[in-house]
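# pasting the sequence and the predicted model now:
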Amino acid sequence: MTFGLGELFALSSAICWATAIILFKHSGETLSASALNLFKNILATFLLVPTAFFIEGIQLPQLDAYQWTIVAISGFVGIALSDTWYFLALRKVGAGNTAIVSSLYSPFVIVLSVLFLNETLHWTQFIGFLMVLIGIILVTWQRNRKNVDAPVLWQGLALAAGAVFLNAVGVVMVKRILEGDGFFWIISLRLIGGILGSIGLLLISQKLIKVVNELKQPRDWRILIIASVLGTYISMILWLSGYKYTDAIIASVLNETSVLFIVLFAWIFLKEEVSRRRLAGVVLAFLGVLVFVYNSGGQG
């Protein structure tokens, strides 16, 4: 059994993100999705750049033009474009349908990692992965959903699947670069690329002024700032550190546990009810994680 730094970072990222989601819910989600996304990413940048200066100095990592292009494209694809499609999906088909499609994240990462990173998946790991996937579906599935017209439903599901796929593409394409030096500068510049892409998309859709005006409105920023620091700054460092120090296949499956921690934390801290089906899904998924990690030793 191998549970090293990469596995620890990936699991910690899931816990950190789940905590941030609970704080966002507790604050009443006073910002729209687009405004919140822009706010938390800009805040994270203002924290990441000084962190990079402090830890790695003023010297940027020695990457060639091709590698810097990959970092920039990864930010645009994995942050700006992926988030935009995800929010469009939320508006069309709701959070329940979108959450189920989000469980495609680790399958996408696994396929891309096998194809482009030469990673392998042992058959016992595959069983653990299936347990996690089925558990997450049990947790996120809702019988009574808001009625959505069939064309809109399929369009929304396609957008959600596309968003998850782009997120997987973004992290897989930058993994090998993350394994080198200059980790904090790389993730800082990747995030800046994502922010610039998001602003560009807001300009194209003529929504930037609306978002800026929303951010100017007075509100209680304390919980939003804490949640944004946890959910973007700390969580992003942990998330990408997981991919730096272990296989993308392993990191992606451990990342999926964020859904389970959200359910558990909402039950403990927000007093939300947890059905037997959802509880069974949580237990099954965590058992799947144990099976997956236990059989990850010796995998290259």
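Thanks, I have it.
# rounded mean pLDDT for stretch 46-53, please.
On average, the pLDDT along stretch 46-53 is 96.
# how about the nearest residue to Leu138, chain neighbours excluded?
Gly281 (2.9 Å; Cβ to Cβ, 6 or more residues apart in numbering). C-beta: built from backbone N, CA, C; applies to glycine.
# can you give me the helices for the stretch 151-300 of the chain?
Along the stretch 151-300 of the chain, counting by DSSP state H, counting those that start in this stretch, helices occupy 183-204, 208-216, 222-228, 235-245, 248-255, 258-269, 276-294.
# among those helices, which is nearest Trp123?
helix 276-294 (11.3 Å; Cβ to Cβ).
# show me where this structure has its strands.
Using DSSP state E, no strands are found in the chain.
# flag the shaky bits of it, pLDDT-wise.
Within the chain, the stretches with pLDDT under 70 are 1-2, 26-30, 94-97, 142-148, 295-300.
# so what's Val164 up against?
The contact partners of Val164, by Cβ atoms under 8 Å, 6 or more residues apart in numbering, come to Ser82, Tyr86, Val101, Ser102, Leu104, Tyr105, Phe108.
# okay if I get the residues you listed as CSV plus distance to Val253 and neighbour count?
Output for these, formatted as CSV (distance: Cβ to Cβ, whole Å; neighbours: other Cβ atoms under 10 Å):
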residue, distance to Val253, neighbour count
Ser82, 19, 22
Tyr86, 20, 22
Val101, 17, 21
Ser102, 14, 22
Leu104, 13, 17
Tyr105, 9, 21
Phe108, 12, 19
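# pull the most distant pair out of those.
So, the contacts of Val164 by Cβ to Cβ: farthest apart are Tyr86 and Phe108, at 13.7 Å.
# picking up where we left off before, now for the helices of the stretch 151-300 of the chain, which one comes closest to Leu157?
Once the helices of the stretch 151-300 of the chain are compared by Cβ to Cβ, helix 258-269 is nearest, at 17.7 Å.
# buried sites along the closest one?
Ser258, Val259, Leu260, Phe261, Ile262, Val263, Leu264, Phe265, Ala266 (16 or more other Cβ atoms under 10 Å).
# is it possible to export these to JSON lines including distance to Phe76?
Converted to JSON lines, the buried residues of helix 258-269 look like this (distance: Cβ to Cβ, whole Å):
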{"residue": "Ser258", "distance to Phe76": "23"}
{"residue": "Val259", "distance to Phe76": "26"}
{"residue": "Leu260", "distance to Phe76": "30"}
{"residue": "Phe261", "distance to Phe76": "29"}
{"residue": "Ile262", "distance to Phe76": "27"}
{"residue": "Val263", "distance to Phe76": "32"}
{"residue": "Leu264", "distance to Phe76": "34"}
{"residue": "Phe265", "distance to Phe76": "32"}
{"residue": "Ala266", "distance to Phe76": "32"}
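# show me which of those is closest to Lys25.
Of the buried residues of helix 258-269, the one sitting nearest to Lys25 (Cβ to Cβ) turns out to be Ala266, at 7.3 Å.
# what's the closest non-adjacent residue to that closest one?
Using Cβ to Cβ, 6+ apart, the closest residue to Ala266 is Glu272 (4.3 Å).
# now do Ile110
Ile249 (5.1 Å).
# quick one: which of the contacts of Val164 sit in helices?
Ser82, Tyr86, Val101, Ser102, Tyr105, Phe108 (DSSP state H).
# nearest to Leu11, of the residues you listed?
Nearest to Leu11 among the ones in helices among the contacts of Val164, counting by Cβ to Cβ, is Tyr105 at 15.2 Å.
# all set now, cheers.
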